[in-house]
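Asks: here is a sequence with its predicted model. Questions after.
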Amino acid sequence: MDLQRSLPADRATERRRRGIDLRDILARYGTLIALVLLVIVATVLSPRFLTTANLMNVLRQTSIVGVLGIGMTFVILTAGIDLSVGAILAVSVVLLGGTLERTGNIWLAIAIAPAAGMAIGLVNGLGVTWGRVQPFVMTLGMLGIARSLAFLYTGGEPVPILDMSFLRFGIGYIAGIPIPSVVFLVLLGAAALVLHYTPFGRYIYAIGSNAEAARLSGINVRLYTILVYVLSGATASVAAILYGAQFAAAPAIAGEGYELDAIAAVVVGGTSLFGGQGGVIGTFLGALIIGILSNILNLTGVSPFAQPLAKGALIIAAVWIVGRGQRA
Amino acid sequence: MEPQQPVLEVRGISRRFPGVLALDHVDLSVRASEVHALLGENGAGKSTLIKILGGAVRKDAGEILLDGQPVDFHAPAEALAVGIAVIYQELVLCPHLTVAENVLMGHLPRTGGVAIDWRAAKARVAQLFRTLGASVPLNAPVGRLSTAQQQMVEIAKALSRDSRILVLDEPSAALGQRDLEHLFRVIHRLRERGVAVVYISHRLEEVFEIADRATVLKDGRLAGSWPIAEVDMRGLVRAMTGRDLGALTAVPAAPDAPVRLELRKLGRRGAFSDVSLRLRAGDVVGIAGLVGSGRTEVLRAIFGADKPDSGEVLIDGQRVHFRSPGQARRRGLGLLPEDRKTQGLLLNRALRENVSLASLSRFTRFGVLRLRREDRAVRDLMGQLRIAARQPGQLTVSLSGGNQQKVMLARWLARRCGILLIDEPTRGVDVGAKEEIYRLIHTLAREGAAVLVVSSELKELFMLCSRILVMREGRLMGEFSGATLREEDVVEAMLLGGTDDGPATFAAG
């Protein structure tokens, strides 16, 4: 309703907009413009930035948070939030490491991670829908529970991952692109297609835009809301597989704080925390922006203590700019 | 009345939004103790004008004179400070704070300049409500009050700041008959105290009842301004729309048409009971009743949005028990809810998505949406319903009320839905679009749809329906059709029914 009031005029309908509308451009392409600007600045600041090796490095480092960000985007599009993805990652990776250590069966280990992630996501979804617990509270509680489960499982000792055929996922390349990044990009493409080309995607936007309207249009709001949390659990487990392969270890502290990085990527990518607007391509750009920023701070030797400051400022600035456009 | 210096004068105000000239040299002159109706179709520029008066939007050109002195506002607080209070259609109160806190927000009386003097505050607010002749529980959180009571809180708030000009943006849109009468009494009292009231409404009957003068805007320009005694309804409609309003008559369904929907003693505890009716293909049947009479709840129960706990619903002679709107949808029912903004539309999504929302299966093959097919269907419906929008990708929030309502209709037409339940078909819709919506509903019925309409506007039901059922306090009070369909009888059944006078939403006194 506030939306309605902030409109320039109820009559924008009748007359065609003419000329260039700066705010509209900002709302649509703000994130992309920010990314391009950042790339230009980074190239000027460091000659090493625009090298294939460095760019692949950025892409690889972005992959884990990026994969988390995909599921997070779906959740946030329904006007929810999932604070438990970092902890789900931990549960999945310790189960993966443990299974690998005990059985040596890579495929079993890789299958068990998403099973765990989706089970936890299901509990989140049931809590949010049937239990009517606010998503923030439900997943905050789950953050604690899942993290604790990971510690109880390992007894505090990180499980080492030594199986070379599994570690290949972390260090290998397909067509010159690091495998974790390939996984990220494939999932990203699939998610973008689902959001754009399937009824499921439409229902997610509808639920986030106005859940009651969706229900009164005959949409099973509970079902799709549950599915979204299950999906977020699943992407958290995929991120866990990438984590295990990259760090060759499965500690219970894995993924601590990653939920905030994932939320940051989603938000910088222009997806509204109120739901119903945004998408995974934005999240991809958002994750890249954050990744490139860390990269350039490292390359130019900025103190690690100052890096979170730069990131924090960037997040606020990005959302401020995109928000100004959306208010138009 | 002696000629008076206007208390508020607007001269040559213009405002341009990207690509749109919302106001083009508009004048408005309001005198003290005058109720001044501001009329125009949606998009005519009324909202922009009152937002400028209220300091929410800046003007590009022109001037505002208050007692002959030019004023200029940069923020709503500045307009309030000089005595202009705007009460928007969507009320802006803090739902968790009490009535007293809301009324005196920002200027609560204090003792010694520090602690809030609650006793003085309450006395002050009680005094204000006495002046208004309204009784509202002062300690209740505002969120628990009825819309009508919340409106009184807004008016009291304006009065507490000694506002001399009160702008009411469609105050009647969400009010029942009884609350409306009370609002009119309050407006009369304000007028006696010298307050000038700018009154916006889509219901012309109200304008003739309450206003002293009417100003009409059309397409951002001044279409005219007259003392109310010098115009008639026809003239105002012509000024607003540029054309005459045609006559409509409802045709009853053929007596042998199949019964599509039947209710047998349907009931839901605390809402309604013993509601029976039959709806044939081609029927447009209306349910009249005051706000709170249970009419909306009946529609929701039929559609599976709420569960009835007694009686039966039959579709095409078959008993059904819908546990969700999804199940009702599958059986060919569609519901246009009472409040399209909160219950119907995805305001921040495209028109296209709103239209196809309930019929995506039609556009899906192997789980994939066929966007081109969808686009074609949406464009067809846009043409058929004459939805004024640039393209299917336009955001729904930017459409006028009438076009938004057509989008809601289009959503169910896209499913070729045969039983339509319509709650308030034209709330907040301007005169021209209203007529179009009526014609659409008639066309649908002629093509075999069964339509059940709930409305607060009797005129509307008389134009739309061949049969009107009256509800009061959750029960059917009577059924009127053909020769027995007379307005006096319907009103009598609505207000008096068979039982006692019933509780009013609030007591005057």
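Replies: Now that the structure is in, tell me what you want to look at. Being a predicted model, the structure only gives us computed values, none of them experimental. Residues are numbered from 1 along each chain as shown, chains lettered A, B, ... in the order given.
Asks: rest of the way, CA atoms for contacts and neighbours
Replies: Will do.
Asks: near chain B, which residues of the stretch 101-250 of chain A?
Replies: A:197-199, A:202-203, A:205-206, A:209-210, A:212-220 (Cα under 8 Å from any Cα of the partner chain).
Asks: okay, helices next: where are they in chain A?
Replies: A:2-5, A:22-45, A:52-77, A:85-103, A:106-129, A:135-154, A:164-171, A:179-197, A:199-209, A:211-216, A:221-247, A:258-268, A:280-299, A:307-326 (DSSP state H).
Asks: so can I have CSV of the ones you listed showing mean pLDDT and mean neighbour count?
Replies: As requested, these are exported to CSV (pLDDT from 0 to 100; neighbours: other Cα atoms under 10 Å in any protein chain shown):
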stretch, mean pLDDT, mean neighbour count
helix A:2-5, 38, 14
helix A:22-45, 82, 17
helix A:52-77, 94, 24
helix A:85-103, 95, 28
helix A:106-129, 96, 21
helix A:135-154, 96, 19
helix A:164-171, 87, 16
helix A:179-197, 96, 18
helix A:199-209, 96, 24
helix A:211-216, 96, 24
helix A:221-247, 96, 26
helix A:258-268, 93, 25
helix A:280-299, 92, 23
helix A:307-326, 78, 16
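Asks: residue B:118 is nearest to which of these?
Replies: Minimum separation from residue B:118 across the helices of chain A (Cα to Cα) falls at helix A:2-5, 31.6 Å.
Asks: tell me the buried residues in stretch B:170-184?
Replies: B:170, B:171, B:172, B:173, B:174, B:175, B:176, B:177, B:179, B:180, B:182, B:183 (16 or more other Cα atoms under 10 Å in any protein chain shown).
Asks: from chain A, how far out is the closest residue to the third one other than its chain neighbours?
Replies: Which is residue B:172. In space, and not counting its chain neighbours, residue B:172 is closest to residue B:180: 6.3 Å by Cα to Cα, 6 or more residues apart in numbering or on different chains. Between residue B:180 and chain A the distance, using Cα to the nearest Cα, to the nearest Å, works out to 23 Å.
Asks: who are the packing partners of the one helix or strand residue B:180 maps to?
Replies: Residue B:180 is part of helix B:177-192, with elements assigned from DSSP states H and E. Counting contacts by 3 or more Cα pairs under 8 Å, 6 or more residues apart in numbering or on different chains; DSSP states H and E, helix B:177-192 packs against helix B:118-132, strand B:196-200.
Asks: of all residues in the chain, which one is nearest the centre?
Replies: Using chain A. With distances taken as Cα atoms, centre = their mean, residue A:69 lies nearest the centre of chain A, 0.5 Å away.
Asks: please go with chain B instead
Replies: residue B:173 (3.3 Å).
Asks: tell me who's in contact with residue A:118.
Replies: Taking Cα atoms under 8 Å, 6 or more residues apart in numbering or on different chains, we find residue A:118 in contact with A:230, A:231, A:232, A:233, A:234.
Asks: looking at these, which one is closest to chain B?
Replies: For the contacts of residue A:118, the closest approach to chain B (Cα to the nearest Cα) belongs to residue A:231, at 17.7 Å.
Asks: show me the contacts for the residue nearest to that closest one when sequence neighbours are not counted.
Replies: What sits nearest to residue A:231 in space, not counting adjacent residues and going by Cα to Cα, 6+ apart, is residue A:71, at 5.9 Å. Residue A:71 makes contact with A:228, A:229, A:231, A:232, A:233, A:234, A:235, A:236 under the criterion Cα under 8 Å, 6+ apart.
Asks: give me the nearest residue to the first one, chain neighbours excluded.
Replies: Counting by Cα to Cα, 6+ apart, residue A:228 lies nearest to residue A:75, which is 5.7 Å off, once chain neighbours are set aside.
Asks: then the fourth one?
Replies: In space, residue A:232 comes closest to residue A:71 once its chain neighbours are excluded; the distance is 4.0 Å by Cα to Cα, 6+ apart.
Asks: how about low-confidence regions in the stretch 351-500 of chain B?
Replies: B:496-500 (pLDDT under 70).
Asks: show me what from it comes close to chain A.
Replies: B:353, B:357-358, B:360-361, B:364, B:367-371, B:388-390, B:397-400.
Asks: repeat that for 6 Å
Replies: Neighbours of chain A within the stretch 351-500 of chain B, by Cα under 6 Å from any Cα of the partner chain: B:358, B:368, B:369, B:389, B:398, B:399, B:400.
Asks: restricted to strands, list these.
Replies: Cross-referencing those against strands under DSSP state E gives B:368, B:369.
Asks: can you pick out the most distant pair from the residues of the stretch 351-500 of chain B next to chain A?
Replies: Maximum distance among these (Cα to Cα): 32.0 Å, for B:368 and B:400.
Asks: specify which residue of the two has the higher count of neighbours.
Replies: residue B:400 (26 against 17; other Cα atoms under 10 Å in any protein chain shown).
Asks: how close does the more buried one get to residue B:71?
Replies: For residue B:400, the distance to residue B:71 equals 31 Å [Cα to Cα, to the nearest Å].
Asks: same thing with residue B:279?
Replies: For residue B:279, the distance to residue B:71 equals 58 Å [Cα to Cα].
Asks: more neighbours: these two, which one.
Replies: Between residue B:279 and residue B:71, counted using other Cα under 10 Å, residue B:279 has the larger neighbour count: 23 against 13.
Asks: surely that one touches residue B:261?
Replies: Yes - counting by Cα atoms under 6 Å, residue B:279 touches residue B:261, with 5.1 Å between them.
Asks: which strand or helix spans the closest residue to residue B:78 other than its chain neighbours?
Replies: Computed as Cα to Cα, 6+ apart, the closest residue to residue B:78 that is not its neighbour in sequence is residue B:55, at 6.9 Å. Here residue B:55 is covered by no helix or strand, with elements defined by DSSP H and E.
Asks: contacts only, for residue B:55.
Replies: B:73, B:74, B:75, B:76, B:79 (Cα atoms under 6 Å, 6 or more residues apart in numbering or on different chains).
Asks: excluding sequence neighbours, find me the nearest residue to residue 140.
Replies: You didn't say which chain, so I picked chain A. residue A:83 (5.5 Å).
Asks: you answered for a different chain; I wanted chain B.
Replies: Among residues not flanking residue B:140 along the chain, residue B:98 sits closest, at 5.2 Å (Cα to Cα, 6+ apart).
Asks: one step back: just name the most buried of the helices and strands packed on helix B:177-192.
Replies: strand B:196-200 (a mean of 25; mean count of other Cα atoms under 10 Å in any protein chain shown).
Asks: and the next element down the chain from it?
Replies: Next element after strand B:196-200 (DSSP H and E): helix B:204-210.
Asks: next one: that next one to chain centre, how far?
Replies: 16 Å (Cα atoms, centre = their mean, to the nearest Å).
Asks: list the buried ones in it?
Replies: B:204, B:206, B:207, B:208, B:210.
Asks: CA atoms of that helix as PDB?
Replies: Only the C-alpha atoms of helix B:204-210 are listed here, as PDB (Å, rounded to 0.1, in the frame of the first residue of the first chain):
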ATOM      1  CA  LEU B 204     -21.600  10.900  -6.500                       C
ATOM      2  CA  GLU B 205     -24.700  10.500  -4.300                       C
ATOM      3  CA  GLU B 206     -22.600  11.300  -1.300                       C
ATOM      4  CA  VAL B 207     -21.300  14.500  -2.900                       C
ATOM      5  CA  PHE B 208     -24.800  15.800  -3.400                       C
ATOM      6  CA  GLU B 209     -25.600  14.900   0.200                       C
ATOM      7  CA  ILE B 210     -22.600  16.600   1.900                       C
END
